[in-house]
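Asker: take a look and give me a structure for this.
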Amino acid sequence: MAERGLNTQAELEHFLDCFNRQDVDGIMEYFVDEGVFQTPAGPNADGNAVQGKAAVHAYFTKMFADMPDMHFGQDRHWAMGDFAVSEWLLTGTRQDGTRLETWGTDHFHLRDGRIVLKNTYLKLVR
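Answerer: Numbers count the residues shown, from 1 in each chain. As a prediction, this is how the structure comes out:
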């Protein structure tokens, strides 16, 4: 699997496109082996840490199965050395029929352009 980096706006756009295509292998090309996905919800104030490529791959695979029409749009991206940010509008329908539409961001901590930490934040919809 080729390794990619999130050093540019174009690469950040490609990374988000991997989510819209539900291309989990493509997403994983951007992570270091010990990379962490910090979920937007979980048992702790900082969500839940999913660590390592295998665990992150399994998490995203399950996430896409739960929301097969998941889409990230109206996106904007910034890359600044070892830090990058993506902002997007998430829409989709969960398997239980619940419709989701919420703004969110990903904050990326990078090493040589690859993801060490992907920390996701979502607006609460009430």
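
Asker: average pLDDT for stretch 100-112?
Answerer: The average of the pLDDT scores along stretch 100-112 is 97.

Asker: run the chain-centre distance for that stretch.
Answerer: Computed by Cα atoms, centre = their mean, to the nearest Å, the separation of stretch 100-112 from the middle of its chain amounts to 6 Å.

Asker: and if you look at stretch 56-69?
Answerer: When distances are taken as Cα atoms, centre = their mean, stretch 56-69 is centred 11 Å away from the chain's centroid.

Asker: flag every buried residue along that stretch.
Answerer: 56-57, 60, 63-64, 67 (16 or more other Cβ atoms under 10 Å). (Glycine included, C-beta is placed from N, CA and C.)

Asker: and for stretch 46-59?
Answerer: 47, 50, 56-57.

Asker: which one of those residues is nearest to residue 26?
Answerer: When the buried residues of stretch 46-59 are compared for distance to residue 26 (Cβ to Cβ), residue 57 comes out closest, at 11.1 Å.

Asker: now that closest one: how far from residue 64?
Answerer: Here the criterion is Cβ to Cβ, to the nearest Å. By it, residue 57 lies 11 Å from residue 64.

Asker: enumerate every residue touching residue 23.
Answerer: When contacts are counted by Cβ atoms under 8 Å, 6 or more residues apart in numbering, residue 23 is found next to no other residue.

Asker: what's it sitting at in phi/psi?
Answerer: Reported as degrees, to the nearest 10, the phi and psi values for residue 23 are phi -90, psi 80.

Asker: grab the nearest non-local neighbour of residue 67.
Answerer: Spatially, and ignoring its direct neighbours in sequence, residue 67 is nearest to residue 92 (4.2 Å; Cβ to Cβ, 6 or more residues apart in numbering).
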